[in-house]
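Participant: Need coordinates for the below:
(chains A, B, C and D)
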Amino acid sequence: MAELTLKAQTPLRGYSNRFGDTRLSELSDTAIYSIGLALETAPALKAIKNSLGTDWPEPGKSASSTDGVYRLLGLQADQVFVLFSAATASDGQSQQLPNLGQNTYTTDQSDSWAGLYIEGLSAVAALERICPIDLHSSVFEIGRVTRTSMEHLAVIILHEAENRYLLLSPTSSAQSFLHALETSLQNVIPIPIDN
Amino acid sequence: MRYSALQIIKQGLTGNKGWTPAWREPEPKADYDIIIIGAGGHGLATAYYLAKEHGITNVAVLEKGWLGSGNIGRNTTIIRSNYMLPGNEPFYELSMKLWEGLEQDFNYNAMISQRGILNLCHSDPQRDAFARRGNAMLMAGADAVLLDEDGVRKLCPDLDFTNARFPIKGGLWQKRGGTVRHDAVAWGYARGADERGVDIIQNCEVVGMQIDNGVCTGVETTRGKIGAKKVAVCVAGSSSRVMSMAGMRLPIESHVLQAFVSEGLKPTIPGVITFGAGHFYISQSDKGGLVFGGDIDGYNTYAQRGNLPTVEDVCEGGMAIMPHIGRARLLRMWGGVMDMSMDGSPFIDKTDISGLFFNGGWCYGGFKATPASGWCYAHLLATGSPHETATELKLNRFKRGRMIDEKGVGAQPNLH
Amino acid sequence: MIINHPLLGPRDAAEFVYLGDASLINRPDSATSNAAEQFYEYLYLRDNVAGEMRELWYHEQGDRSWLVVTRNTLTHEISNVELARDVARAQGRNR
Amino acid sequence: MSQVNRIEQGLVDTNRELKFTFNDKLYIAHPGDTLASALLANGQRLVGRSFKYHRPRGIFSCGSEEPNALVELRRGAYLEPNTRATVTELFDGLQARSQNHRGPLGFDLMGINDLLSPFLSAGFYYKTFMWPKAFWEKLYEPVIRASAGLGSLSGLPDPDSYDKGFLHADILIIGAGSAGLSAALLAGESGARVILADEDFKLGGRLHAETLQVDGKSGSQWATSTVKTLSKMDNVRLMSRTTVYGAFDHGIYGALERKTDHLASAHGMPRQVLWRIYAKRSIVCTGATERSIAFGNNDRPGVMLAGAVRAYANRWGVTPGKRVAVFTNNDDGWRTATDLVNKGVEVSAVIDSRSIEAPASVAGASIIMGTNVIDTMGRAGIHTIALSNKQTIKCDCLAVSGGWNPNVHLTCHQRGRPSWNEKQACFLPDGVLPPGMHVAGAANGALSLSSAINSGFLVATDVLQSLNLNAAKMPSVNADDESTNIEPFWHSKQSTKRCWIDLQNDVTTKDIVVSHQDGFRAVEHLKRYTTLGMATDQGKTSNVLGLAIMAEHSGKSIQETGTTIFRPPYSPVPIGALAGRSRGKEFKPTRKTPSHDWAEARGAVFVETGNWLRAQWFPIEGETHWRESVDREVLQTRNSVGICDVSTLGKIDVQGKDAGEFLDRVYANTFSTLAVGKVRYGIMLREDGILMDDGTTARMGEHHYVMTTTTANAVSVFRHLEFCRQCLWPGLDVQLISATEQWAQYAVAGPNARKLLQKVVDPDFPIDNENFPFMACSDITVCGGIGARLFRISFSGELAYEIAVPTRYGNSIMETLLQAGEEFDAVPYGTEALGVMRVEKGHAAGNELNGQTTAANIGLGRMVSKKKDSIGNTLSEREGMNRENGLVLVGFKPVNSASTLSAGAHFVTRGNAATTENDEGWMTSVAYSPTLECSIGLGFIQRGQARMGEIVEAADPLRGKSTSVEIVSPHFIDPDGERLRG
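Facilitator: The predicted structure is shown next:
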């Protein structure tokens, strides 16, 4: 049945747009897995350290492997998300999640989330309209991550760099969330008014 | 003093100096045949019907604050009998019939306004459930009309029929539903009960129950001990607190329900309208204020105030179906404490303690039930057996597995 | 309201879903002789205290943890927040 | 008319002119004006009518407390009723109209009510309109309703947009007057994160309204320079035009920022932003509001609050009258007289109720001490006042000061009660404040400028310390310390005329008397009986006056009498703002299935299922009625093969060494014994024994199950499982995560389903009946190596599979499956056909599993395993849920096969009347079965199982019909399940 093929699409079809000083663009080629810990945590943590090259992040914090391949988002005490590039490398192989053994429970979440980067000087002002978390850089420092509620949606927010945030929202409502972010940006980018 | 147009003219011409108090301010006696705890709507109605229907007038109604200070004075004034289950519907229809003759009965204008209540539906399953309910209403002798979208449009042309997230597919309309001036209900019953000899004792808080060998013989109050052959508790949001004085735990949690009123506006809302895909209902008062609300805040509380998420949720629901109220301003928000029961239905019952009776668990539906609650509670107190429309409203129904769960959400009070 | 999450710090209560009295952790043993009575009391009867109450909140829009929040039902003051899992374990619940 | 009352520049920009209309008449004003200052400048005294008596009313105040000057602002869909002219910033092209009158403003036909006032005293309507009974709704009420209310809504959707937001601060300072500015200055310099919010468009509060001095500068200049300093601090956010309207639990404040109300057009930007402010501390610096005095006809246009009169002169350069008299009981009122005289305005008299020495001299004015005003003359505006000493005084404006009420509202939003302070004759915040809240300045009784500024510094210092922040050194500021002495004087006892307390709701001292006579003596009874303080101003100028008079009448102290409860919002908030973006389609997020785009392109009709949009059916050319499409989809599926997107079903990964044990406890039936590679249907109970959810759960590995939930319950089941996992059995090794969004899942159903799938599934995975029997499941690959899952389950009753691929392939796989099915004429089918087939097969769905249903009710009582404990097991055994005559789900067929059944009909035994007593159950779901070519239904009826073949009536009085129906098996099609095992 060679003629029967499947084509992949990202939730936002590669969206990218600029709003004044701030850009909104879809995350691409990233694999996301959840890793849950078994009750017996010590061997699991060790396996993660060995295979992913990083310690288990506390809830609210993220951690990266020293080689920068894996980024762990501490979402729950006993569960994290790991993000890594799923782009096909030059050798034709894409990165896979290593086997973490019997004491972790992993689930592919790559297609569950739509990722959006918001980056620019108006990022915080725009997020202020929908995000209940205190984003002040002294509170939600670079590297902090959390899941919260924005416009009735469960959204994971990661402070990746100065004025740069990664937002993961559920795939099925990705367009609603994109619309919310676009509206926020439009509402905070000053427009010239004569009066 | 009998109230009438003539009386108003007579008083008006003589400087309004001849009006007499609507009720006395009696000192508590040592003993009564019946003590009713709580001078809210239900307690006062109970006293009124005990006196008027059963000739029992050696009755005191004890109130910790001012009469009518509970939920009778802080609800959104809606009356309706659009219930579904046989344990409920005949009771609420009795209440509706009592409302319909109430003002003439107690000689007080409570501004009963049967301008109709419309429950909107937004999906086929919802319409099926409305059909089930509408038929149950008709079978109990109430009125109900199932409307399609056009029928709704004729009644309420200002709703969002073009761009709603959850399109309006129709509605269940009860023409006899409507609104009543809530405070006036308390005042009318109080005046009627007082006139017949009932002592309404304000600023008299019950602080203890006198129970000897399983028999309740009276109460201790901030104004001393008062004896009674029967003690009838009727305290809505304070049910658990008062019954704990008798050592009883109840299938009840106390929650706050917020309500809202806008600035006065010329008439714009035809009757009562409820949104079926969000938490919002609305009517317009005689003075022009939009009176609206939604769901309870959802956490246990005895504070008569709520929080912002619910306020915003309600207004979001409002704008979702009525985008023309956006420029009306919310004037005041307040909260009432609801005695949320485990199946969303109330209790009118005796207890295991002889002489101690309980009326409560009204959730946010107590106002519309006021006349029937008083009527049936008086019947139970006077005759010892439940009124025929209130036979299912028993405290032991959970033990027996005979829940009256209209919404089907189970033993979680904040979902009812 | 704001719930000071033991792992995440202060969060708006709007992120949480409320269940009710923390006694719901103490699910009876169905094998005991008066299980029916015990389950009836467990599921239906409430202290409904006016004052400090221990209650269950679920951080649905956050880390999905169930919390036991000690909150005054008269003032809404929150005096303690614990992970329900820890509370349950401390009360002897296990498997 | 020119600006006859504009006396100087004030703080408005007289170099620029703005045009506006009031009742269609054109006027000129300047930037910096409010509508009220502009109307006064133009000599327009009459601006509205009162609520009950329709008395003429003029501007009374200069702030958000205004009871009189309410207008309908803007036109068409932008119409904004009940807008206070005193806080409406003027913009070029502003249009305003007076409201609540019939006929022109100057001659309101409803003014007749004023003549009838003896019969319209407090509570009159409770005493009449009862006869004849039918007249209330038909006659009295419509008349009352039409004459009540104030302004009108346009009836059109609000054309503006709104937004919301969240702010966080160490310290929220509410009010940017003298205390607020000084507190902000200190907190800002100390490095705290500060938000300073004020309702005015010009920060500075009454500093701009007074002629008082700070450090040798005018107060106004000091305010301006302080604001400039604050604006340079990164840690301070200045928010003008922002009303903090409520104080909620745990330091959360509601605030409304008016973004474009001062502009002619919003230019597509949000009109207003509703902020939720999280503040560790707040300092309430909300100042004070002046109150009036009750005397005869004190409601006429021209009677104004004294502080407002001088504010108009000082800030806006407008005198409200050419000849002004002042009536006061305190020293502050005198400053109105001196300020006006200094600007060259004639002050005809200062009348002071106190028998003391005059605290100031006022050039050209009669000084009359120990006297009060008893009456005013002038229908549309006063021209003369009469005094208790029989004197009459000419004036066109009477400035009244009854003292100042600290704005304690926010301090009472958590049901705190203020205390009466005898010396200052006002209510002050009491010790019990909302946690984290502090009060400074006039709001806390520091009424003089110097005391207010110092109080701001002092309170800020305390607050900073409580936050463990180092407070900067307090600056030393030298400000005027004006006298604020007062002797309470509430109402003129000599007056025989009506003396107004609540101007908007027309409550007079006589109403208080009647209320008392009628027995309405508690302060809440008074409020409710007379409507005192229930108008749009929430009694800001009237409440204290009213209860002071009530106290006097009942012989109680003011403290004993107490206040009514202060409720949010501080000033009214548009419903649109509270709703924010929630309009139309934005009300809730829209969830789209993985093949949504494909379905849309295919012309599907969609239906809302919770937040999901699902394809309901797929019409093809020539079909004119939905039934044609649905019948075709059903028949084609049953005859060949159909494909349906079922991705919305909840999918939960349950993993762990105890996953099976965990499922045994949350499901009524057993899962630990399920073999790897197999699927089982499960029912889940609530603890009360009622069905919570149902669905299939597949065992993908030794420690890995995939649970399916219904679409509606996906979230609540997950929550419940987490409760069980964390709270009930924390010692079980089990992990949960939702995988609902991960998989695009499709039912492929019909006799040719296997043949179709064999073309898609990679050959390594044989799916013939032997290798992949009914209820098998497996990880597979499709289309040459793409990971997928296959489940052999059937909702339709046909040979069927559900195939799941990662969501990214969702649109593509529909195309691919149909391509593979082309030779079988495969059809996509929607939720409607899905529903028809499940009714034909007798499966319970949402209409049956409505939270009132037991397992026994749907004939699955035996699935509740008694060999183990599980949620709901024990309480499902209660007698009321196991009654002899309990409801059982059965099928129904019309006796006359041409009849159409309807859901919601109730069953009664033939010959019985349709009454509650005879009610035996109801029809839950109906469908037209194209397979059976008749209408069929499912429903609950008492003892259903034992009544097969019985004919009962499906009574449907709601739709005026009753249908004879036969009780049949709910399995209309293939009752033995041969098809799905084939």
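Participant: how close does the residue positioned nearest the centre of chain A get to chain B?
Facilitator: Residue closest to the mean C-alpha point of chain A, counted by CA atoms, centre = their mean, is A:Leu168 at 4.5 Å. Per CB to the nearest CB, to the nearest Å, A:Leu168 is found 23 Å from chain B. Any C-beta I mention is one placed from the backbone N, CA and C, and that applies to glycine too.
Participant: what's the span of stretch D:893-908, first residue to last?
Facilitator: This stretch, stretch D:893-908, spans 15 Å end to end (CA to CA, to the nearest Å).
Participant: quick revisit: and the residue nearest to the centre of chain A, what does it touch?
Facilitator: A:27, A:32, A:113-115, A:155-158 (CB atoms under 8 Å, 6 or more residues apart in numbering or on different chains).
Participant: Chain D next: which of these are close?
Facilitator: For chain D, the contacts drawn from the contacts of A:Leu168 by CB under 8 Å from any CB of the partner chain are A:Trp113.
Participant: any chance of the contacts of A:Leu168 in JSON lines, plus neighbour count and pLDDT?
Facilitator: Shown next, in JSON lines, are those (neighbours: other CB atoms under 10 Å in any protein chain shown; pLDDT from 0 to 100):
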{"residue": "A:Leu27", "neighbour count": "18", "pLDDT": "97"}
{"residue": "A:Ile32", "neighbour count": "24", "pLDDT": "97"}
{"residue": "A:Trp113", "neighbour count": "25", "pLDDT": "98"}
{"residue": "A:Ala114", "neighbour count": "25", "pLDDT": "98"}
{"residue": "A:Gly115", "neighbour count": "23", "pLDDT": "98"}
{"residue": "A:Val155", "neighbour count": "25", "pLDDT": "98"}
{"residue": "A:Ile156", "neighbour count": "19", "pLDDT": "98"}
{"residue": "A:Ile157", "neighbour count": "23", "pLDDT": "98"}
{"residue": "A:Leu158", "neighbour count": "23", "pLDDT": "98"}
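Participant: ok, of the contacts of A:Leu168, which one's closest to D:Lys527?
Facilitator: Distance to D:Lys527 across these (CB to CB) is lowest for A:Val155, with 44.9 Å.
Participant: Chain C contacts on chain D?
Facilitator: Within chain D, the positions near chain C by CB under 8 Å from any CB are D:248-252, D:276, D:278, D:414, D:435, D:658, D:661, D:687-688, D:715, D:719, D:722-723, D:726-732, D:869, D:873-875, D:877-878.
Participant: residue ranges for the helices of chain A, please.
Facilitator: Counting by DSSP state H, one finds helices in chain A at the ranges A:41-52, A:123-127, A:174-188.
Participant: How about the closest residue to chain B within chain A: what's its closest non-neighbour residue?
Facilitator: With CB to the nearest CB as the measure, A:His152 is the residue of chain A nearest to chain B, at 9.3 Å. Of all residues beyond its chain neighbours, the one nearest A:His152 is D:Pro589 (5.4 Å), with distances taken as CB to CB, 6 or more residues apart in numbering or on different chains.
Participant: And D:Thr384, by the same measure?
Facilitator: Nearest non-adjacent residue to D:Thr384, counting by CB to CB, 6+ apart: D:Met377, 4.3 Å away.
Participant: For chain A, see how far away D:Ser495 is.
Facilitator: Taking CB to the nearest CB as the measure, D:Ser495 and chain A are separated by 48 Å.
Participant: Tell me what the residue nearest to the centre of chain A is bridged to.
Facilitator: A:Gly115, A:Ile156 (DSSP bridges).
Participant: which residues does residue 40 contact?
Facilitator: I went with chain A, as the question did not name one. A:Glu40 makes contact with A:103, D:733 under the criterion CB under 8 Å, 6+ apart.
Participant: My question was about chain D, not that one.
Facilitator: Listed by CB under 8 Å, 6+ apart, the contact set of D:Leu40 reads D:5, D:59, D:312, D:316, D:318-320.
Participant: you'd agree it is in a strand?
Facilitator: No. Counting by DSSP: H, G, I helix; E, B strand; the rest coil, D:Leu40 is not part of a strand but helix.
Participant: D:Gly48 touches D:Gly106, doesn't it?
Facilitator: No. Contact criterion CB atoms under 8 Å: D:Gly48 and D:Gly106 do not qualify, at 11.6 Å.
Participant: ok so, going back, isn't the residue of chain A closest to chain B up against D:Phe587?
Facilitator: No. Contact between A:His152 and D:Phe587 fails when scored by CB under 8 Å: they sit 9.2 Å apart.
Participant: thinking again about what came up before, and the helices of chain A as a markdown table, adding mean pLDDT?
Facilitator: Converted to a markdown table, these look like this (pLDDT from 0 to 100):
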| stretch | mean pLDDT |
| --- | --- |
| helix A:41-52 | 95 |
| helix A:123-127 | 98 |
| helix A:174-188 | 97 |
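Participant: ok so, going back, go through the contacts of A:Leu168 and say which is closest to D:Tyr140.
Facilitator: Proximity of the contacts of A:Leu168 to D:Tyr140 (CB to CB) peaks at A:Val155, which lies at 54.1 Å.
Participant: Tell me how far the closest one lies from D:Asp163.
Facilitator: Distance of A:Val155 to D:Asp163, given as CB to CB, to the nearest Å: 17 Å.
Participant: follow-up on the earlier one: the more surrounded of A:His152 and D:Phe587?
Facilitator: More crowded of A:His152 and D:Phe587, by other CB atoms under 10 Å in any protein chain shown: D:Phe587, with 25 against 17.
Participant: before we move on, back to that, list only buried entries from the residues of chain D next to chain C.
Facilitator: Among those, those classed as buried by 16 or more other CB atoms under 10 Å in any protein chain shown are D:248-252, D:276, D:278, D:414, D:658, D:661, D:687-688, D:715, D:719, D:722-723, D:726-730, D:732, D:869, D:873-875, D:877-878.
Participant: Can you tell me which of those end up in helices?
Facilitator: Counting by DSSP H, the part of those found in helices is D:661, D:715, D:719, D:722-723.
Participant: Mind telling me the two of these farthest from one another?
Facilitator: Greatest spacing in these, by CB to CB: D:Glu661 and D:Val715 (24.1 Å).
Participant: what is the mean pLDDT for stretch D:614-621?
Facilitator: When pLDDT is averaged over stretch D:614-621, the result is 98.
Participant: swap in stretch D:635-654?
Facilitator: Mean pLDDT, computed over stretch D:635-654, is 98.
Participant: Stretch D:735-742 near chain A anywhere?
Facilitator: Yes. Judged by CB under 8 Å from any CB, stretch D:735-742 and chain A are in contact via D:735-742.
Participant: CA atoms only for the helix or strand encompassing D:Glu966, dumped as PDB, please.
Facilitator: Assessed by DSSP states H and E, D:Glu966 sits inside strand D:961-968. Backbone C-alpha positions of strand D:961-968 (Å, rounded to 0.1, in the frame of the first residue of the first chain) are rendered in PDB as follows:
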ATOM      1  CA  LYS D 961     -49.300  14.100  22.300                       C
ATOM      2  CA  SER D 962     -49.300  10.600  23.700                       C
ATOM      3  CA  THR D 963     -47.900   7.600  21.800                       C
ATOM      4  CA  SER D 964     -48.600   3.900  22.400                       C
ATOM      5  CA  VAL D 965     -45.300   2.100  22.600                       C
ATOM      6  CA  GLU D 966     -44.200  -1.500  23.000                       C
ATOM      7  CA  ILE D 967     -41.500  -2.400  25.600                       C
ATOM      8  CA  VAL D 968     -38.800  -4.300  23.700                       C
END
